[in-house]
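Asker: take this sequence and fold it.
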Amino acid sequence: MADEHMHTNKTGVIILAAGASSRLGSPKQLLAYSGATLLQHSIDAAQSSDASSVLVVLGANADLIKSEIGHTAANVVVNPEWKEGMASTIRCGLQTLVEMHPETEALIFMVADQPFVTAALLNNLMELNRNEQRSIVASKYGSTFGTPVLFTKRFFPELMELTGDVGAKSLVRKYMDEATFVSFPKGEIDIDTVEDYKNLSEE
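Answerer: So this is what the prediction gives:
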C-alpha cells in the first residue's frame, strides 16, 4: 500500500491552455461557467485530485489569463512557441514539470475547455494506471477517446519528439495495445465556437 501511495503521488497534471481560441474569437480559457472560468474549473479539478503537482501552460493571451488566475496555487509557465501548435505546448509543459519535479513517474494531460472533468475522473486514470499497470490511460467518450490522458514516464521521450499540431492522441493510437480507457460521459463537450458555449450555458 505504501508503494501504491507513493506511485500516486508521483503523477503530475499538465493543463494545456496555450491556444488562441481563433474559432471562438476570445480566450475560451476565461469563459464563465458555473461561477468560475473554464480554466479555473480545470485547475480546481486537478488540484482536488490525488495528483502530486499541477502545471498550467499558457501561450496566447498569457498576460491577460495570468492576471485572472493570479491567486492559484498551480504553477504556470508560458510556452513562447505556442503558435507552432499543440505539440510545442506538450513539450513545454513536460519539460517544465519534469525539471520542477524530477521524481515524476507519470503525467496527465488536460485541456482547459472540458468543463466536466472532475477530480474523481483524474483519480480514476491514476487508479487504473496503478492497478492494471497500464502505461497509457485515456478518457473515452462517444465513439472516440482523448483528454484527460495519462502517460507513464516511458513515453516522455516520444512526447518530447511531437511537432506541429500533433497532439498526444497519436501516441495512444500507436500504442493502443498498452492503453486502457476510462468512461467520461460528457467528455465530448468542449468549447471551440460561440455555438458550443451557448449549448454549454443551456446545460
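Asker: report the buried residues of the strand ranked longest in the chain.
Answerer: If you go by DSSP state E, the chain has its longest strand at strand 144-152. Judged by neighbour count using 16 or more other CB atoms under 10 Å, the buried positions of strand 144-152 are 145, 146, 147, 148, 149, 150, 151, 152. Placement of C-beta: from N, CA and C, glycine included.
Asker: now stretch 35-50
Answerer: So for stretch 35-50, counting by 16+ other CB under 10 Å, buried means 37, 38, 39, 40, 41, 42, 43, 44, 45, 46, 49.
Asker: could you do stretch 60-79 as well?
Answerer: 60, 61, 62, 65, 69, 72, 74, 75, 76, 77, 78, 79.
Asker: ditto for stretch 154-163
Answerer: 155, 156, 159, 162.
Asker: also stretch 89-98?
Answerer: For stretch 89-98, a neighbour-count test (16+ other CB under 10 Å) marks 89, 90, 91, 92, 93, 94, 96, 97, 98 as buried.
Asker: and the closest residue to residue 81 other than its chain neighbours, what element?
Answerer: Residue nearest to residue 81 in three dimensions, not counting chain neighbours: residue 88, with 4.2 Å by CB to CB, 6 or more residues apart in numbering. Assigned by DSSP states H and E, residue 88 falls within helix 86-100.
Asker: and what of residue 195?
Answerer: Going by DSSP H and E, residue 195 is part of helix 194-201.
Asker: sorry, back to before: now the buried residues of stretch 60-79 as CSV including distance to residue 172, pLDDT and secondary structure?
Answerer: Putting the buried residues of stretch 60-79 into CSV (distance: CB to CB, whole Å; pLDDT from 0 to 100; DSSP: H, G, I helix; E, B strand; the rest coil) gives the following:
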residue, distance to residue 172, pLDDT, secondary structure
60, 26, 91, coil
61, 29, 91, strand
62, 28, 92, helix
65, 28, 91, helix
69, 29, 82, coil
72, 29, 78, coil
74, 25, 87, coil
75, 25, 93, strand
76, 27, 94, strand
77, 24, 95, strand
78, 27, 96, strand
79, 22, 96, coil
